[in-house]
Structure formats: structure tokens, C-alpha cells
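[1] Attaching a predicted model along with its sequence, questions to come.
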Amino acid sequence: MNGIKVVVLLLTISVLCVNGYYVWPKPSTISQGAGSVGINPSSLTITTNSSSSILQRAITRYQKNLIFPMGVSVSSSPEPVTFTQLTINVVSSSEDLQLGVDESYSLSIASGATSGSITAQTIYGAMRGLETFSQLVDWSDNTTSYSINCLPTSISDVPRFPWRGFLMDTARHYLHPSTLFRTIDALAYSKFNTLHWHAVDAESFPIVSDTYPLLSEKGSYAPTAIYSHELIEAVVAYAKDRGIRVVPEFDMPGHAYSWGLGYPDLTVDCPEYEANINNIPLNPSLNSTYSMLASFIPEMAQLFTDDCFHIGGDEVITGCWEDNAEVNSWMQQNGFNGDAALQYFEDQVAPIVQGANKNPVVWEDLFDNGIYLPSNYIVEVWSDQSTLQALVEAGFRSLTAYGYYLNDQEPVPGDTVGEWVDTWQIMYGVDPLEGTSFTSSQKEISTW
């Protein structure tokens, strides 16, 4: 990712001091002038009043690599004044990272100053400020030196949304751990704060469970295409060091084919639907299904330390249940149609998730199908703004995913809208609140 930063820096050699022109994402407020100072890696000192080891590691990381991506052996800046001191003042050194943590910060560098400051309520706000500071440092090929331009610079920044995330699917395609770490770095550079790890799906089950080892032994693509407990803990810790929450998704009861490869009783046989493995759900009629989840979910909850835990709920093919004689008989005995059986499943799973001290996150499908959801659920929307509006009006915290699907890049002959040619333009043009009419109190929603 340093290479990406290098490109940005090289493109900003000719400085045009337009407010916020090269701070990403654009801060809430920014004021800049036209002055410049030099900055030399060997003379820059970054200090903080915080005792946080996470913030100390961030300072080291930025000072060694991210502020000076062209290296530290450089020429002296031709500017008459050299910037030498960045002071970071933090109100709280707490390292607790959960949804809603304060990530605001202010940054100030006076014209011709040798020092500047970042002020934040939390270490995570301070880290966002560090990222902004790194973006203010320019490189000149002509003088082989660094400088800070557009001074004085004064920034006051607060995230527009408390959940700014990126979904990675490691089930449809196994992703090497290095890809996870690299992506977390990229998220931090753009001030995202959440990695939504879509861990398992119908195609594969790469997550290792000590309680149910056959899930990955039989359900992964290959013996090496797995994520051990140690690897998961390393990813969570690496992300936290960069202010990134890791929220896992274990989709249930739908998309469960891979669960049944190791434990066949967990899933349902339904000949009419089995041609598509995405049609295969968990078996809602057996107590053993819920006993399994009552052990598995707490095991995963220990590994993934975030308060939020995604349990899917999308695209449940209830017809598969009706096509299975035993499950259909159970449904008839209880007077269930497909949606009622789905409600029963969700009613059993909710206390398991909450008993593991997690806030459940689900896809909108459950809401769309009229399934009752407790008010503490967070509901993720993939369809449109009207569904988001309805969810927020119903009192749910909501995430928006529509408008940001990277798989829209599949080329179709003669078609460019939403395809690989202009997907980026469409995504940059999407505003999560466009087409909604929230009151001021309802705008405390999250964006994906």
C-alpha cells in the first residue's frame, strides 16, 4: 500500500493550495494557506501524552514508513524553516474499540511553524489525525526532499458515519492471510473502521472450530485453505492496532451447504432444490442444530472481540424445508409455514448470540419477510433507500450496502453502466442518505 501513497505524493509536487485537495477523505472542516516548511525524517519528533501502546506503535509505524514513503535518506529541504515537532494530545488512553468510539480529531500547523499538534478524545481519533498528517507531507523529485505545504493548515474532523466498512468474502474464494492484512492497511489509510469478514458460505467453511473440527476439515477447499484460531486472533489484533473493528459473519440458516459436509445432520436434504448449493439451509427442526450453535457461536465470540456478530439471515430457501419429508412433518405439527419456521429458527438463535454478549447483525431479508427482530438488532440493507428508510423508521440501527457491490464489475458485451468500465464512478457518486428523509435523530445510522 505504500506504493499507492507514493503515487499520490508524486502527483502533488506542483502544489495548488485548494482547501482539502489532498486530504482523504475530505475533513469536516479544513482551512489552508499558501505557506510551506521543510520536514526531514531525521529531525522529526512525534510525542504524545497518552500511555497507550497501540498509539505508540502507530506513531512508530507512521514515522518509519508512512509519513516518509520515499525513504528517510533524503536531501535537506530548500525551505528556510524545518518542521521538527508533532505533539499528540489525547484525553483518554482507553484502547477499547467498539461501534461508536469517538474518532474525532483536530490538527493545527501554523504558517512557518516548526511544530504542530493533533488533539483527540481517544487514541483512535489521534490515529485518524496521524493519517491526515501523513497526507500533508509532500515529496519533490526535483529537490529529493519532503515539505509541508498550504500552511497555515487547520483541520477539525469527525466521521459522518460511525460504521465505515468493507466486506471481504473468504468463502467463495479463499484469501491468503496476507491479503487480509494488506486490506486492513488500506482501510486505515482511508479512515475506514470496520472489516466485515464474511467468513463462511455455501461454497466453503474455512474457519477452524475446536468444538466442531469437521466444519473446516470437510468444508474447506483444501487442508491449507483455513483460518486457525491463532490466525484469527492475529488479524483481530492487527486490525485493532489500526483502529479497525473486525465483525465476523456466519450466515444462517441459509447458505449452509458447507456446514453439512462435516456434520450432515445440520443441513436439510431437498431433491427439488439441491442443484444449487446456495439453496441448502440448516435444519430448523432438530434440537441438535441449536445445541451445536450454542457451542459454536460462543467459541467464535471469544475470537472476534467486537460487540457485533453478523448472523446473515439472507436468501433462506424455505421451500427446501418443505421439500424434506421430516422437516415438513415438523412444520405441519407446529402449524408453521416457511416464514414461521424461519421465525422459530431466529427465536432460538437470538438468545445464543446475546448470551455471548454480542449485538446481532442481520441482512434485510428477515425484515422484508416480516420476521420479528429484537430492537437491538442491526440490519444491513442491500436493496435500496426505501428499505433503509423503513428500517430506521421502525427503530433499527441500519447499515447500507447498496451501491457498493464490487462484483458489479463483471463485463457484459455492449454494457458499461455498472460494469468494469465505470463502477468506480457509480460508487463515488452514491450518497448513503440520498433518497431518504430522516429526522435529525434518525441520522445516527451507519454506512457500509
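    Received it, and whenever you're ready, just let me know what you need.
[2] Strands of the stretch 201-350 of the chain, residue ranges please.
    245-250, 308-310 (DSSP state E, counting those that start in this stretch).
[3] Make a markdown table out of these and add mean pLDDT.
    As requested, the strands of the stretch 201-350 of the chain are exported to a markdown table (pLDDT from 0 to 100):
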| stretch | mean pLDDT |
| --- | --- |
| strand 245-250 | 98 |
| strand 308-310 | 98 |
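[4] Just send those back as TSV, with mean neighbour count and distance to residue 135 too.
    (Each C-beta comes from the backbone N, C-alpha and C, glycine too.) Converted to TSV, the strands of the stretch 201-350 of the chain look like this (neighbours: other CB atoms under 10 Å; distance: least, CB to CB, whole Å):
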stretch	mean neighbour count	distance to residue 135
strand 245-250	24	23
strand 308-310	24	29
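[5] Looking at those, which is nearest to residue 436?
    Taking CB to CB, strand 308-310 is the member of the strands of the stretch 201-350 of the chain nearest to residue 436, at 22.5 Å.
[6] can you list contacts of the closest one?
    Strand 308-310 is contacted by residues 99, 196, 198, 245, 247-250, 297, 300-301, 353, 356, 358-362, 378, 380 when judged by CB atoms under 8 Å, 6 or more residues apart in numbering.
[7] Stretch 353-362 too?
    So stretch 353-362 is contacted by 99, 247, 249, 297-298, 301, 307-314, 350, 373-374, 376-380, 399 (CB under 8 Å, 6+ apart).
[8] Narrow those residues to those that are buried.
    99, 247, 249, 297-298, 301, 308-314, 350, 373, 377-380, 399 (16 or more other CB atoms under 10 Å).
[9] Need the strands of the stretch 201-350 of the chain in TSV (columns: distance to residue 82).
    Listed next are the strands of the stretch 201-350 of the chain as TSV, based on distance: least, CB to CB, whole Å:
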stretch	distance to residue 82
strand 245-250	38
strand 308-310	45
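[10] Figure out which of these is closest to residue 236.
    That would be strand 245-250 among the strands of the stretch 201-350 of the chain, by CB to CB, at 4.9 Å.
[11] which outside residues touch the closest one?
    Contacts of strand 245-250 (CB under 8 Å, 6+ apart): 97-99, 165, 193-200, 207, 235-236, 239-240, 297, 300, 304-306, 308-312, 361.
[12] can you rerun that using 7 Å?
    97, 99, 193-200, 235-236, 239, 300, 304, 306, 308-312, 361 (CB atoms under 7 Å, 6 or more residues apart in numbering).
[13] residues making contact with the longest strand seen in the chain?
    The longest strand of the chain (DSSP state E) is strand 145-157. Identification of contacts with strand 145-157 by CB under 7 Å, 6+ apart yields 15, 17, 27-40, 68, 74-79, 83, 104-111, 128, 132, 136-140.
[14] Tell me the buried residues within those residues.
    So, by 16+ other CB under 10 Å, the buried ones in these are 27, 30, 32-33, 35-40, 68, 74, 77, 79, 83, 104-110, 128, 132, 136-140.
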